[in-house]
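> Provided below are the primary sequence and the corresponding predicted coordinates.
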Amino acid sequence: KNTDTNVDGKSVDINGNAGTYEFATISLEYQINDFASDGYNLLAYGGYGTRTSYLDTTYGDNLNHAGELVKIGLRYDSEFAQYNSNLFTTIEYRHYFDTDDINPGNDEGTSFDIINISGALIWTTNSSLHPVVEVMYSTDLNNYHAFSIAPELIYSMNSAIDLKLGTPIGISSDADKYGVRF
């Protein structure tokens, strides 16, 4: 992430790995429906995460983003034959707590909630490369509204391993301006 922002009225460049709200997370997933018997996949998941690294700034403050999160979500995917593709969607609720300076409401609270919604179309090809377009929206339902679009490419190494490379591009002012996902 590389973002220009203001802290105490001073312009600050922020650099580091991962997005501000992306903590290292352990999740458990449960498959509710599967494609073989239902024609689509649906799974529920939950997890716990914590911040593991710091972001560097030009202001002399680590903006260390201490904190923890718990999350629950649903993930759905199915064939989207009309466009020779697969549709993937996710809706996720995250509760952050014991945070220091990442509350999107810009208040002094150390806990807050975020809802993430995403959808992606993955085009079916006759090769191991699959183009993807993903749309992502995150909100705290009040002050924070991050909307991004990400062109991506998936390389299927074999039936068990896929590699994905993409570049999210922020559409709204709260979203990261640009980035790289691998």
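Perfect, I can see it now.

> where are the low-confidence patches of this protein?
1-12, 14-20, 54-65, 101, 106-107 (pLDDT under 70).

> hmm, 50 instead?
Within the chain, the set of residues satisfying pLDDT under 50 comprises 1-4.

> At which residues are the strands of it located?
Using DSSP state E, the strands of the chain run over 2-7, 10-15, 24-33, 41-50, 56-57, 68-80, 85-97, 112-123, 129-139, 145-156, 162-166, 169-170.

> I'd like to know which of those strands lies nearest to Gly105.
Gly105 sits nearest to strand 112-123 of all the strands of the chain, at 6.2 Å, using C-beta to C-beta. C-beta here means a position set from N, CA and C on the backbone, and glycine is covered the same way.

> Distance from that closest one to the middle of the chain?
The chain centre lies 7 Å from the centre of strand 112-123; the measure is C-alpha atoms, centre = their mean, to the nearest Å.

> who's in contact with it?
Strand 112-123 is contacted from outside by 21, 73, 80, 83-96, 99, 103-105, 130-141, 144, 152, 154, using C-beta atoms under 8 Å, 6 or more residues apart in numbering.

> Give the buried residues for stretch 172-182.
Asp174, Ala175, Gly179 (16 or more other C-beta atoms under 10 Å).

> related to what we said a few turns ago, now tabulate the strands of the chain in TSV and tack on mean neighbour count.
Output for the strands of the chain, formatted as TSV (neighbours: other C-beta atoms under 10 Å):
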stretch	mean neighbour count
strand 2-7	13
strand 10-15	13
strand 24-33	12
strand 41-50	16
strand 56-57	15
strand 68-80	17
strand 85-97	17
strand 112-123	17
strand 129-139	17
strand 145-156	17
strand 162-166	14
strand 169-170	16
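
> Tell me who's in contact with Phe35.
Asn41, Ser78.

> how much space between it and Asn86?
Distance, Phe35 to Asn86, by C-beta to C-beta, to the nearest Å: 10 Å.

> Next: Tyr93.
According to C-beta to C-beta, Tyr93 stands 24 Å off from Asn86.

> re the thing from before, find the residues that touch each one of Phe35 and Asn86.
With C-beta under 8 Å, 6+ apart as the test, Phe35 and Asn86 both reach Ser78.
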